[in-house]
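Visitor: show me the folded form of this:
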Amino acid sequence: MRGITETPGDGSRAPVRADREPGRSSQVAGRLAFGGAYTVCALASWEILVRGLAIPEYLLPGPWAVLNVSAGRFGLLAWHALVTVQEIVLGFVLGAGLGAALAVVVSLIALPHSLPFLFDGMKIAMPLSIVGAVVGEFTSGSRGLGNLILVASSQVNTPLIFASLVAITVVALLLFGAVQALERLVIPWSVQYRKG
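Guide: Sure thing, here's the model as predicted:
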């Protein structure tokens, strides 16, 4: 049962929300702490491996070198990331426009019930659209993160390649999060959010 539980007979307590599981926020905090600790350990191991084995930077830069290039070339990475995001958004808008006539026909019955599946498809398609945009930039682009990777590889600038990959990952996470936030806004009634 969702919503507010009833108050005791004497009315001495305020109503309590019944839709939250006790300890859920501590579970989320625990997962975030574990994920953060895992990431820190993985990055530290990577840096120790690169330095300990004296791996040349052009073969495998350490995370510190990638961070330095990311900070030093932030404007360049941000500009190319913006180009990539524009290509992704344009692709989604064009794709949605092609199905507009069908959406008008089924909007009263089928659409509301298909929204959870539509958002699941968008969450799967968003990272793949980034792959498509980057591959398109590899083959015929003069701008964007894919082109920046090609330019950096021709200059044997491996830290910039890794910084571009980090930028692609950040863009993917931000766009995935945007779709997820939109899903929570549009279909809060979805079963997956009732169960948490």
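Visitor: check whether the residue most central in space within the chain sits in a helix, strand or coil.
Guide: With distances taken as C-alpha atoms, centre = their mean, Leu173 lies nearest the centre of the chain, 1.6 Å away. Counting by DSSP: H, G, I helix; E, B strand; the rest coil, the backbone at Leu173 sits in helix.
Visitor: state the distance from it to Ala54.
Guide: 32 Å (C-beta to C-beta, to the nearest Å). (Glycine included, C-beta is placed from N, CA and C.)
Visitor: quick one: buried residues of stretch 176-191?
Guide: For stretch 176-191, a neighbour-count test (16 or more other C-beta atoms under 10 Å) marks 176, 179, 183, 187 as buried.
Visitor: again with stretch 56-69
Guide: Applying a neighbour-count criterion of 16+ other C-beta under 10 Å, one finds 61-63, 65-67, 69 buried in stretch 56-69.
Visitor: wait, which of the residues you listed is closest to Gln155?
Guide: When these are ranked by distance to Gln155 (C-beta to C-beta), Val69 comes first, at 12.1 Å.
Visitor: now the helix or strand containing the closest one: mean pLDDT?
Guide: In the assignment (DSSP states H and E), Val69 maps to helix 63-72. Mean per-residue pLDDT for helix 63-72: 92.
Visitor: convert the C-alpha atoms of that helix to CSV, please.
Guide: Extracted in CSV, the C-alpha atoms of helix 63-72 (Å, rounded to 0.1, in the frame of the first residue of the first chain):
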residue,chain,number,x,y,z
PRO,A,63,45.4,8.2,-14.6
TRP,A,64,47.5,11.2,-13.3
ALA,A,65,48.7,11.9,-16.8
VAL,A,66,45.2,11.6,-18.1
LEU,A,67,43.9,14.0,-15.4
ASN,A,68,46.7,16.5,-16.2
VAL,A,69,45.8,16.5,-19.9
SER,A,70,42.1,16.7,-19.1
ALA,A,71,42.7,19.7,-16.9
GLY,A,72,45.1,21.4,-19.4
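Visitor: which other helices and strands contact the very next helix or strand once past that helix?
Guide: Remark: after helix 63-72, the chain's next helix or strand is helix 74-98, criterion DSSP H and E. For helix 74-98, the packing partners by 3 or more C-beta pairs under 8 Å, 6 or more residues apart in numbering; DSSP states H and E come out as helix 110-140, helix 145-154, helix 158-186.
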